[in-house]
Every structure is written in C-alpha cells, then in structure tokens.
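Asks: Sequence and predicted structure, then a few things I'm wondering about:
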Amino acid sequence: MTLLDIRALRVSYAVPSGTVHAVDGVDFALAAGECVGVVGESGSGKTQLFLAALGLLDATASASGSVRLGDTELLGAPRSLLETVRGRRIAFVFQDPMTALTPQLTIGQQLSEVLRVHRALGEDAARARSLQLLERVHIGDAVQRLRQYPHELSGGLRQRVTVALALACEPQVLVADEPTTALDVTVQAGVLELLREVKRERRLAIVLITHDFGVAAQLCDRIAVMYAGRIVESAATEELYARPRHPYTRALLRAVPRLDTPVDEPLVNIRGAPPAPGETPTACAFAPRCARADARCVSERPELMGTEQRVACHHPFTEPLATALARRS
Amino acid sequence: MTSLLEVRDLTVEYPVRSSAWGRARALQALRGVTLSVAEGETLGIVGESGCGKSTLARAVVGLVPAGGGDIRWRGQVLAQLRSAQRQAIRREMQMVFQDPTASLDPRMRVAALVAEPLQVFEPDLSAARRRERVLRMLERVGLAAEHLARFPHELSGGQCQRVAIARALVIEPRLLVCDEPVSSLDVSVQAQIVNLLRDLQRDLGVSLVFISHNMAVVRQLSARILVMYLGRVMEVGTREAVFADARHPYTRALLAAIPPPEPRAQRPVHASGEIPSPLDPPPGCVFHTRCPWVLDRCREAIPALESTQGHDVACLRWRELR
C-alpha cells in the first residue's frame, strides 16, 4: 500500500537570471513499513524534494505537482492542515541535531511540549511518556537527561533525542536527512542501528536522505539516486549495488574508497563537478561527465524507464558490477 | 631515511572557561604525542572529533603554541631558533585546510591567491616570473589559465581545494600538512583530490601529513598511519601492519565503522557509547569507557606506547587480543 505518493514534483526558485529548478519532475512512492534511500550529492535536490513535500520550503520557492499522504493532498494544503500532519503523521530528523533542538529548553521540556500539543497529554503523563521515549532510543539515565540542555549532551545522544522527538507522536513516515553525517564515525553505527530497530519494531516507513552509499546499504530496501534535480536510477537495494545501470551510480559506487581498494593505482573518479544550481540542463545532466555520452545524450533528455529497476539513461550498463571489475583486472 | 619532522612528547593545552565567573580549566588537546615524518613520506593521522588531530597539525606549522615537548625540523628544535630562522623553516611547511571556501579570501582572484605566498617568501621575483610560476602551479593541480581571473565563489568545491593546494605548493615546501582536505567535498570529487595529492607527492617528493577520520581514505595515501584518540597516540605502524594486524581496539573500531557499500554487510560493533569530553578525559586508558575488552587495570594504568618491529600500540591487552 502506497503511503506517500509524490508525482511530477518540481521546485523552482526565481533568481535574477531566470528560474532555477532545484527539483525537476520527480515521482516517488513510499509504502508502509518500507525504507527508501534517496542518494545524491550536494545540490542534487534530495533535501528540497522532501522539504517541498512537507510544505517547509523557503518563501522564495515555488512547488508544483502532487504530494499525497494517504488520501490527503499536502502540496498547497493550508497551514493548519500541514501542522496536524507534520510531527503527527510525518516526522523529520535533520542532519545537525544541535540546530534541530532548542538550546534554551531542557530535553524534558522539548519532549513534553510535543506530547502536550500533539497528543494533549497532561504534565505527568507527558513526563512518563518522555521517559519511555528516551529509554526507547537507548539513552541511559533518562531521568537525569530530561533535566539537561542540548549543549550538555554529546552529538550522538543529541541525535537520539531528535529521533525520540520524531517518534513522540507515532508517525507513519520518518524522513531522516543525513542523520549520521554530522556524527563521528564510531558513533554513526549506533544511530543507524537505532533507525533499523525502529523500522523493524514499529513498521515505520523511512525515507533516508544521504550522500553515502554505505549508509544507505545498511538500512534501505530500495534506493533512488538523484542527480541535478532528477531521479536517474531507482531499484531494490540488492539489485542496485549488484548491477548499477546508470553510469553515474556505477561511478559513484566505485569512487568511494574501501578498505580493499588497491592502493597502488588511482581511485576511480568522475571528471568535473556536479552542475551548479541554475544550469538547468535540457539533455542528460550527467553527459558532460560521462564516458559513455554521445550526440544523443547532449540533445535528448533520457526519461526514467523500466518497471523494477528504473534508469534514466540512453546507454545504461547491463552487466553486473563485479563482472565488469573482474574483466578489467 | 632521515627524519624531516620529529615531534617529541608534544603537549598542547587550551584554557577553557565554562562560565564568565568560573575558573579557567585546561583542555589537554594533545598529551605526549610523538611522531616523525621522513623525507618524501606520507604519514596518515586518523581520529575523530576531540582526538587532537587538528591541534597537532596546527602545532606543527606553528599556528598554536606547544605547551610541552618539542618539534624538530631536520634535527633543529623550532622553539630554540631565532625568529628569522623559524620564518625560513615555516616556508618549508605549508597547510591545506578542510573547507577551501573558508580558507580562501573571497575577495581575491585565483591569480592573487596563488601569487600571495610568492610575494611573501620571494619578494624579489619579477612580476613576469611570478605569473609564470603561478600558472605552472595551477596547471600542475589541474586548473588552467582560464581560472586565473575567477573568484573562489565562481569555482566548485573541488576547484577551490585545488587552488588551496596550489597556494600551499607554489613556494615549494618540503612538508604539506592536509587537515581533512576531502571531507567537505562531494564523493565524486573526493577521489580526484586524493589522486591529485598522490601524484603531487610522488612527482614533487614533498612529505605529506594527511589527516582524516576515514580509514579508507587515509589508507589510499599513507605509507605509515598514526591513530589518535582524546589527545593520545593509540597506534602507529606501516599501512600494511595497521590494516592487516590492527592491534588497538580503537583502530579496530575505526576500521569496522566504515559502512561498506554492500547491502546486508555484517559489521561487528567495536565501540559502544560516545566519545567522552576532552575536558574530562577518562583516567587510565582513554578508550576504556567504550572498549569491549576493558579490564579493571585499564581503568587505572595509562598504557605506554609499546613498540615491536616498528609497530607501536598503547594497549595493555594487545597481545591477548590478537
């Protein structure tokens, strides 16, 4: 059953030189209990897509298309409706927990506020529930933590608090935007494990926005790869990693150094840089960086095709990545 | 190989005041760090926030004062030199920072940014000769004459980092200290900069200190690797030794922490909990609060860096844990 259904979403900003499309026609569906990764580099539009879906865009942006949560259309919905949806049915976890939390309120005050506003709990009930929530995200000494301010907690604990806040109203969908990027590497694993647990136990649908294929592989059932405001490939996680079809996906997967990457040869890299915002490509946006590009790629924009594994490329790869690598060596 | 840089028992403290009325406490950013870098060698320094890796980089190039211990350049103790001699040595060690958009002056064009170190250290150079050196250096880092007139905001992050590298190398230093030089870059661009540093290191014979939190990135460039945690050295060894035979539990935790881009990869978790505050480091082994193999004695005794065949480790239990 599709829970969140985004169709033909476009986000544009008016700039002096014209219009910039941060998101350029994206379809995206999320089923109940599913975790979908949205992987892309900076400027790919991955965050804008979900800010638009939740009506959180900057006032200078405009969005078109459709965003349905169950039977409710969210795009262009009145503020009052969005306020009952946000937090209660869809919750957000942001990259930087320090800016997501209010510095002058204690952890207890912030959790209680959410519970009292959205769930109409009394003071004692809110406190009891706050304690449960902190224990739920494996924060020890919960009674003491409730009295502490965000700055008194470490980065990992703060991110656990924002997950507790997100879970407070038992939402159907959790959108986690780079939830581990600001954390130290040895702390990241714990927060990922927490998200995995939450997904399993609560049948919560999760959107994981990340630039890191390693992080996405740990958690996601399905992955959509974004480049320059569009989805260029989308597939089940296993399939995407075993047989990446878009040249961008394939190059990005190989560009990440691993512990078994040969050290005596240069790393695989992608020439050039992602297009700057404002350069709205009419053909394939990846063509200038792509080794497979030909005349068609610079004149005709490829659409996302296919049913199970969808790819927007005129010359997609077909063989598994491992086969291609074995042949090279 | 002779040592270009030697750091012995280096300690750096920052005074920290928790409130306007409180007494200043000392944050010990580095506690007895010893290392050496040979001519033409790359030393990788790995650690997470609060481990002191940036302080170490800054202390080496003289941006923060050493509290104790000494830093030697070709055998000379820097603190004992007269300022003119020190200045001459400073020229030989240059630094590249994490965020090139913050380290480059936004009001200067690329040509001026790369020419500036030449104006400071080689003031007698003719303008024509200087332009030539700047252009040659830019080409060396993969940029071209068309970039000379650009401002940093007109370049991508990767191009800015190339400018920062050109700026550091244009005066032909013998040591380049890079503090997380690829961490702020997009994945597709990181590999370009890693490859560039590898080429430059090989072609120019410059020594490299490469600092990162990512073991896989450090492994690509470094012949030797030093692992730090809360201001102390945990392990030092050659790349082969550290990756094939990681001895310190923290090194193993760092190795396990990189999620491989493979679905359902099983990953052992080697560190629990959070990094303690550097203001209040644990007694005994600084890693004991997170170590899965902790014993009572780890909470009391500070393990010394023990060396066997050039592979050093500061752990009381490393032999049993192999």
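Replies: On my side now, so go ahead.
Asks: wait, is A:Arg258 part of a helix?
Replies: No: under DSSP: H, G, I helix; E, B strand; the rest coil, A:Arg258 falls outside any helix and is assigned coil.
Asks: Got the phi and psi for A:Ala77?
Replies: Main-chain dihedrals, A:Ala77, degrees, to the nearest 10: phi -70, psi 150.
Asks: Let me know how buried it is, in neighbour terms.
Replies: Neighbourhood size, A:Ala77 [other Cβ atoms under 10 Å in any protein chain shown]: 16. For glycine as for every other residue, the C-beta is placed from the backbone atoms N, C-alpha and C.
Asks: so what's it up against?
Replies: A:Ala77 sits next to A:55, A:85 when contact means Cβ atoms under 8 Å, 6 or more residues apart in numbering or on different chains.
Asks: Give me the pLDDT for it.
Replies: Looking at A:Ala77, its pLDDT reads 92.
Asks: Could you find the closest non-adjacent residue to the residue most central in space within chain A?
Replies: Residue closest to the average C-alpha location in chain A (Cα atoms, centre = their mean): A:Ile209, at 1.5 Å. In space, and not counting its chain neighbours, A:Ile209 is closest to A:Asp177: 4.4 Å by Cβ to Cβ, 6 or more residues apart in numbering or on different chains.
Asks: which bits of the stretch 101-250 of chain A sit near chain B?
Replies: A:154-157, A:184-190, A:192-193, A:211-215, A:217-218, A:237-238, A:241 (Cβ under 8 Å from any Cβ of the partner chain).
Asks: Buried only: go through these for me.
Replies: Taking 16 or more other Cβ atoms under 10 Å in any protein chain shown as the criterion, what is buried in these is A:154-157, A:184-190, A:192, A:211-215, A:217-218, A:237, A:241.
Asks: in what helix or strand does the residue nearest to the centre of chain A lie?
Replies: Element membership for A:Ile209 (DSSP states H and E) is strand A:205-210.
Asks: returning to what we had before: so of the buried ones among the residues of the stretch 101-250 of chain A next to chain B, which ones are in helices?
Replies: The helices, defined by DSSP state H, take in A:155-157, A:185-190, A:192, A:213-215, A:217-218, A:237, A:241 from these.
Asks: So which residues of chain A form helices?
Replies: In chain A, the helices defined using DSSP H lie at A:46-53, A:79-85, A:97-100, A:107-119, A:123-136, A:142-146, A:155-167, A:185-202, A:213-219, A:237-242, A:247-255, A:321-328.
Asks: Of those helices, which shows the lowest average pLDDT?
Replies: helix A:321-328 (a mean of 82).
Asks: Say whether chain B is contacted by that helix.
Replies: No: judged by Cβ under 8 Å from any Cβ, helix A:321-328 makes no contact with chain B; its nearest approach is 10.2 Å.
Asks: May I see the buried residues of that helix?
Replies: A:Leu321.
Asks: Show me what it is packed against.
Replies: helix A:237-242, helix A:247-255 (3 or more Cβ pairs under 8 Å, 6 or more residues apart in numbering or on different chains; DSSP states H and E).
Asks: excluding its backbone neighbours, what's nearest A:Leu131?
Replies: Spatially, and ignoring its direct neighbours in sequence, A:Leu131 is nearest to A:Ala142 (5.0 Å; Cβ to Cβ, 6+ apart).
Asks: right, and the one you found touches A:Arg129 too?
Replies: No: with contact defined as Cβ atoms under 8 Å, A:Ala142 does not reach A:Arg129; the gap is 11.5 Å.
Asks: re the thing from before, C-alpha coordinates for the strand holding A:Ile209, PDB please?
Replies: Output of strand A:205-210 as PDB, limited to C-alpha atoms (Å, rounded to 0.1, in the frame of the first residue of the first chain):
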ATOM      1  CA  ALA A 205       8.100   3.900   6.800                       C
ATOM      2  CA  ILE A 206      11.500   5.700   6.500                       C
ATOM      3  CA  VAL A 207      13.000   8.000   3.900                       C
ATOM      4  CA  LEU A 208      16.700   8.100   4.300                       C
ATOM      5  CA  ILE A 209      18.300  11.100   2.600                       C
ATOM      6  CA  THR A 210      22.100  10.600   2.300                       C
END
